[in-house]
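Student: Return atomic coordinates for the entry below.
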Amino acid sequence: MKRFYFLVILICIGLFYLNAQGKRWKMERNTIVLGTGITHFLGDLGGGAKDAAHFFGIRDIDLIKTRPVISAKYRYRILENLALKSGLSWGIIAASDEASKSEGRRMRNLSFSSNIWEFSFQGEYYFFKEKESARYSFTSLTSIENFSAYVFTGFTAVYFNPKAELNGEKHALQPLGTEGQGIGDNPAPYSRIAYGIPIGIGAKYNLTKKLAVGIEISNTYTSSDYLDDVHDAYFDNDLIRAKHGDIAAALADRHLSIDGGVTQPYESGTRLRGGSKYNDAYIMTVVTLTYKIRKRLYGLPKY
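Tutor: Coordinates of the predicted model:
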């Protein structure tokens, strides 16, 4: 009889331990994620040797115009392999036709840069879950159990304000109506707030019970084709000058002749300024530092 009770106790202890192990991830539901990295713009301006590739056009990345980004986000695990994450990012996107290997782009001779402020809300699915380790030691740092990987998507709101340089001074482009916005029957100036859908993949590696390092790569396709202030066709340069002044006219049409000389402005409606078929996108590659806010789950030891 004593053996029976002893066996029952052992079974209960075993079930409790397995249940505790299964719930250990709940102790790490809340995490802070800080990140720093680089951005690449995908749109009408700059890019590679061919026409704009848009969105997934990795060949169109202009490495010369690589710019920084930083972020701060909060992650909450709703299931063991599913998490929600939201937060803010600040970065810079930029592009220039000057260094493009495409002759058409070089002759267009447009450029821009813009700060972007991004608020994102994302869902993460862990296709490679990290294993929970009770203790960390020097040897455990090399364990594959510390590794996890995930894919993510969601919703992003982006504020942008494209600027271009003329004679050593930067000018905000949206108020200048460089494609005739606000003139006659043309549409009003575009909004400097866009919405986007990020698609990305990430991985992280636990250094301790509370700290992890990782990397995330995302491509965000936006609702706007004006992140670079370029959308469609040239507009009557004289009307732009009359409405917004000489600076607006100069920044609206900067194309060069084949021999490098400046030619007369293009005829209104010439469809060489941009392509209106696709909206703009940008890539972010971010190195992350994750801090786990560990909570004691009732009935579990606090290691």
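Student: next structured bit after the helix or strand bottoming out on mean pLDDT in the chain?
Tutor: Between all helices and strands in the chain, the lowest mean by mean pLDDT, DSSP states H and E belongs to helix 2-23, at a mean of 44. Next helix or strand after helix 2-23 toward the C-terminus (DSSP states H and E): strand 30-42.
Student: For that next one, enumerate its sheet partners and note whether each is parallel or antiparallel.
Tutor: Strand 30-42 has its sheet partners listed here by DSSP bridges as strand 67-79 (antiparallel), strand 281-293 (antiparallel).
Student: Just give me how far the last one sits from the chain centre.
Tutor: Right, the one you point to is strand 281-293. 9 Å (Cα atoms, centre = their mean, to the nearest Å).
Student: which ones are touching Gln122?
Tutor: Contacts for Gln122 (Cβ atoms under 8 Å, 6 or more residues apart in numbering) come out as 84-86, 152-155, 198. In this view, the C-beta of every residue, glycine as well, is placed from N, C-alpha and C.
Student: quick one: which of the residues you listed is most hemmed in?
Tutor: Across the contacts of Gln122, neighbour numbers were computed from other Cβ atoms under 10 Å; Pro198 holds the maximum, 23 neighbours.
Student: where's that residue, which helix or strand?
Tutor: Pro198 is part of strand 193-206 when elements are defined by DSSP H and E.
Student: for that strand, which positions count as buried?
Tutor: Within strand 193-206, the residues that count as buried by 16 or more other Cβ atoms under 10 Å are 194, 196, 198, 200, 202-206.
Student: Need the pLDDT of Arg105.
Tutor: pLDDT for Arg105: 87.
Student: Gly154 bridge partners, please.
Tutor: Bridge pairing for Gly154 - DSSP bridges - gives Gln122.
Student: In contact with it, which residues?
Tutor: When contacts are counted by Cβ under 8 Å, 6+ apart, Gly154 touches 85, 120-123, 197-198.
Student: For Pro189, see how far away it is.
Tutor: To Pro189, Gly154 is 28 Å away according to Cβ to Cβ, to the nearest Å.
Student: ok, back up a step: mind putting the buried residues of strand 193-206 in a markdown table, pLDDT and distance to Val286 included?
Tutor: Below are those laid out as a markdown table (pLDDT from 0 to 100; distance: Cβ to Cβ, whole Å):
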| residue | pLDDT | distance to Val286 |
| --- | --- | --- |
| Ala194 | 98 | 20 |
| Gly196 | 97 | 16 |
| Pro198 | 97 | 11 |
| Gly200 | 97 | 9 |
| Gly202 | 98 | 9 |
| Ala203 | 97 | 12 |
| Lys204 | 95 | 12 |
| Tyr205 | 94 | 15 |
| Asn206 | 91 | 18 |
